[in-house]
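[1] only geometry, no sequence info:
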């Protein structure tokens, strides 16, 4: 049990950002406790696990905590992670949509179960290495803001967090750039973190997410037809899970111009392909919206909408259909608006909320 005085828990992943976040807080005289949560996917398939007490990731986290000089607790979240993140990932692909597991993990695991666990141990808040900021008004209302590093800004992945979750969150890196954070790591003498950032999903150790899906007994492959918008059969696919809207590589159908994935028809098990112009759309519906620091709009409002993480926000008008559903009308056509992805709404630096593209 952590002492009764206010303590900040830091989620240590084994990477540079969370390590620097912990070191910064300690330097600012917070009482810092490192926490690491196990997902159950720390080992690659076929890795020998019995001879080693810790996975490579967990061992690195222990070294980081020792370098910083903070205690470390490891929490097993594997059962919840399987249920809330991995099953969601599989089910979303099975439904013909494209999942966003990091958004779901932040809401349900990191700032859900994990936050509850560290609070039960006496910590007052949870800090992570995300590049984002929180502004809290005197009345306690929290606003989520972009990180100052426009390239690294990760507010997109945090836009499902509730007021209660944001009020207990800290993002020490939000006012810094990635370059500055690397410099801090050197000046603080940190050496044990993983230098290369992982671009893959933490639970996928296969050569691709497609192989991971096919390794699961609950995900049988369903070959089907590849067709154009007219319904002409152009070829065959080995399963819709291998494709996402906007994809160009891997279609392997010759034509006068490159083909792109336009739509996945789950009911007919057909992959619809076409030209890039067929990907353009000026509106979409967004459901199950989490509004941050503001109530649902009662009338149309002007915002900037980001339809995927690596996407420049686009000028748009939100037209409410009900308190948690809107139609997004873009001022210019957007390409590859992908069902299943998170749409995040901004006004300048402020994150207004986030929902799921239908």
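    The structure has been received and is ready for your questions. Given the structure is predicted, the values throughout are model-derived calculations rather than measurements.

[2] got the residue ranges for the strands in the stretch 201-350 of the chain?
    When secondary structure is read from DSSP state E, counting those that start in this stretch, the stretch 201-350 of the chain shows strands at 224-227, 233-237, 260-265, 270-274, 280-291, 301-306, 314-322, 325-335, 342-347, 350-357.

[3] want to try a markdown table for these, with mean neighbour count as columns?
    Where you see a C-beta, it was placed from the backbone N, CA and C, and this is true even at glycine. Converted to a markdown table, the strands of the stretch 201-350 of the chain look like this (neighbours: other Cβ atoms under 10 Å):
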| stretch | mean neighbour count |
| --- | --- |
| strand 224-227 | 18 |
| strand 233-237 | 15 |
| strand 260-265 | 20 |
| strand 270-274 | 22 |
| strand 280-291 | 17 |
| strand 301-306 | 19 |
| strand 314-322 | 16 |
| strand 325-335 | 17 |
| strand 342-347 | 24 |
| strand 350-357 | 22 |
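
[4] Out of those strands, which is closest to residue 152?
    Residue 152 sits nearest to strand 301-306 of all those, at 14.4 Å, using Cβ to Cβ.

[5] List just the one of the strands of the stretch 201-350 of the chain that sits closest to residue 159.
    Closest approach to residue 159 among the strands of the stretch 201-350 of the chain is made by strand 350-357 (3.4 Å; Cβ to Cβ).

[6] Against which helices or strands is that closest one packed?
    Counting contacts by 3 or more Cβ pairs under 8 Å, 6 or more residues apart in numbering; DSSP states H and E, strand 350-357 packs against strand 142-146, strand 280-291, strand 342-347.

[7] want to try TSV for those strands, with mean pLDDT and distance to residue 43 as columns?
    Shown next, in TSV, are the helices and strands packed on strand 350-357 (pLDDT from 0 to 100; distance: least, Cβ to Cβ, whole Å):
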stretch	mean pLDDT	distance to residue 43
strand 142-146	98	34
strand 280-291	98	34
strand 342-347	98	29
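
[8] Not counting sequence-adjacent ones, nearest residue to residue 203?
    residue 41 (3.9 Å; Cβ to Cβ, 6 or more residues apart in numbering).

[9] measure the one you found to residue 221 for me?
    22 Å (Cβ to Cβ, to the nearest Å).

[10] Neighbour count for these two, which is higher?
    Comparing residue 41 with residue 221 by other Cβ atoms under 10 Å, the one with more neighbours is residue 41, at 20 against 13.

[11] Roughly how far does the more buried one sit from residue 211?
    14 Å.

[12] hey, where'd the strands end up in the stretch 1-150 of the chain?
    8-11, 32-38, 72-76, 125-127, 132-136, 142-146.

[13] Just want the angle from the second one to strand 72-76.
    Computed with axes from the mean of the first three to the mean of the last three Cα atoms, to 10 degrees, the direction of strand 32-38 lies at 30 degrees from that of strand 72-76.

[14] what's strand 32-38 in contact with?
    The contact list for strand 32-38 (Cβ atoms under 8 Å, 6 or more residues apart in numbering) reads 2, 7-14, 22, 25-26, 57-58, 61, 64-65, 68, 70-78, 81, 109-110, 114, 118, 123, 126.

[15] what stretches of the stretch 51-200 of the chain score poorly on pLDDT?
    Applying pLDDT under 70 to the stretch 51-200 of the chain flags residues 51-54, 194-199.

[16] Let's see the pLDDT reported for residue 273.
    Reported pLDDT at residue 273 in the predicted model: 98.

[17] what's the residue lying closest to it once chain neighbours are set aside sitting at in phi/psi?
    Distances taken as Cβ to Cβ, 6+ apart place residue 259 nearest to residue 273, at 4.4 Å, with adjacent residues excluded. Dihedral pair for residue 259: phi -90, psi 150, per degrees, to the nearest 10.
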